[in-house]
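Participant: sequence? don't have it. structure:
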């Protein structure tokens, strides 16, 4: 069977598989209700899934408010990391954000997450500041990063 990678917009029926990615990726995973509310009730939210042979292996989300895109999540299943799929997922999120009128994009990343920071810098993101005690699990600071689209 040939490997097939597909990007598409997230649907409600994707939440179970997205939760698998979420729980494998974050110490403070979002709940089913959080994803449901994002998809049903948040008019600013856009979520993209990455499928490999029809299985969701990654996803990303963004809130687009006027001309600013705020990344909410980016995650790839651990067994698929190191294959440039995070790069592809971010590029897709940037493309969709541009198409929806965003002129800049921002995100928060743990100050200790150098792998993610390196990915974002490759895409033109620059440091914008620190949010003190941003992460509630360990009070770690977040690095705020920005890029002009």
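Facilitator: Arrived safely. For clarity, every value in this text was computed on a predicted model and none was experimentally measured.
Participant: quick one: the strands in the protein?
Facilitator: Under the criterion DSSP state E, the chain contains strands at 5-9, 45-52, 55-65, 68-76, 104-110, 126-131, 142-148.
Participant: and the last one, which strands flank it?
Facilitator: Read that as strand 142-148. strand 104-110 (antiparallel), strand 126-131 (antiparallel) (DSSP bridges).
Participant: most packed of the ones you listed?
Facilitator: Neighbour counts (mean count of other CB atoms under 10 Å) averaged over each of the strands paired with strand 142-148 peak at strand 104-110, with a mean of 19. Heads up, the C-betas are built off the backbone N, CA and C, glycines and all.
Participant: any idea how far residue 114 is from residue 104?
Facilitator: Distance check for residue 104 against residue 114: by CB to CB, to the nearest Å, it reads 23 Å.
Participant: oh, I was asking about residue 25
Facilitator: Applying CB to CB, the value for residue 25 to residue 114 is 16 Å.
Participant: then residue 64?
Facilitator: On the measure of CB to CB, residue 64 and residue 114 end up 28 Å apart.
Participant: looking at the two, which one has more neighbours?
Facilitator: Neighbours were counted for residue 64 and for residue 114 using other CB atoms under 10 Å; residue 64 has more, 19 against 10.
Participant: hmm, residue 46 and that one touching each other?
Facilitator: Yes - at 6.2 Å, residue 64 counts as touching residue 46 under the criterion of CB atoms under 8 Å.
Participant: elements contacting the helix or strand of the chain with the lowest mean pLDDT?
Facilitator: Among the helical and strand segments of the chain, the one scoring lowest on mean pLDDT, DSSP states H and E is helix 114-122, with a mean of 92. Judged by 3 or more CB pairs under 8 Å, 6 or more residues apart in numbering; DSSP states H and E, helix 114-122 is in contact with helix 85-99, strand 104-110, strand 142-148.
Participant: report the distance from it to the chain centre.
Facilitator: Relative to the mean C-alpha coordinate of its chain, helix 114-122 is positioned 13 Å out (CA atoms, centre = their mean, to the nearest Å).
Participant: can you list the buried residues in it?
Facilitator: For helix 114-122, burial by neighbour count (16 or more other CB atoms under 10 Å) applies to 116, 117, 119, 120.
Participant: right, I'll call it a day here.
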